[in-house]
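Engineer: my questions concern the predicted model and sequence given below.
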Amino acid sequence: MDNNDNFNNSENVSNFSDKELEIIQRYKEAKKHSTTQGMQKTAQKGSVVSRAPFGYKIENKQLVPADNADEVEDIFNEFLSEQISLNKLATRHKLTVNGLKKVLSNFSYTGKVKFNGQIYPGVHTPLISNTLFNHVQNKLHSILKKQT
């Protein structure tokens with residue numbers, strides 16, 4: 001194992017033997033695996049594994065609708081029913097275009113939790129219906145496809 005392989009630290013790695021570096025690397029990999037497993041279990045239980053999305057807040061380790069929760073449904077409905085650019089809709093709601101895209105594609109709003117490519121039923125209150133979410137996904141994919 002090269003002294004610099006997979007070791008991201010400002011310390012001088014030349015002070016460590018290959019064996020020590022191997023032990024450090026194994027520890028880091030085990031810690032990462034353990035953290036990922038813990039997050040996976042949390043998601044499977046329907047709880048959030050990251051910060052609260054726009055329109056939600058975290059109380060007692062659970063997602064709950066925030067004061068701006070109604071704005072989420074407004075954003076979805078406006079996107080679906082109006083002929084409006086992503087830029088104009090983002091500006092209207094004081095979001096960046098990338099922020100708007102994240103809102104429009106976030107499964108959390110349907111009461112689900114997504115982690116590591118898997119989607120689980122959440123324990124939080126949905127802010128929009130699955131039908132509205134799916135219609136928005138179709139329109140969003142169509143728009144983004146045209147842009148490429």
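Structural biologist: The structure has been received and is ready for your questions.
Engineer: burial count for Val48?
Structural biologist: 20 (other CB atoms under 10 Å). Any C-beta I mention is one placed from the backbone N, CA and C, and that applies to glycine too.
Engineer: regarding it, what is its secondary structure?
Structural biologist: Three-state call for Val48 (DSSP: H, G, I helix; E, B strand; the rest coil): coil.
Engineer: and the gap between the spatially closest residue to it that is not a sequence neighbour and Thr131?
Structural biologist: Using CB to CB, 6 or more residues apart in numbering and skipping residues adjacent in sequence, the residue nearest Val48 is Leu63, 5.0 Å away. Distance from Leu63 to Thr131, counting by CB to CB, to the nearest Å: 21 Å.
Engineer: for Lys88, same thing?
Structural biologist: The separation that Lys88 has from Thr131, given CB to CB, amounts to 25 Å.
Engineer: and these two? which has more neighbours close in?
Structural biologist: Neighbours per residue, other CB under 10 Å: of Lys88 and Thr131, the larger number sits with Lys88, 13 against 9.
Engineer: quick one: Lys57 is in a strand?
Structural biologist: Yes - the assignment for Lys57, made by three-state DSSP, places it in a strand.
Engineer: how many residues are close by Asp67?
Structural biologist: Using other CB under 10 Å: Asp67 sits among 8 other residues.
Engineer: quick one: the helices in this protein?
Structural biologist: 18-44, 69-81, 86-92, 97-104, 130-147 (DSSP state H).
Engineer: I am finished for the moment; much appreciated.
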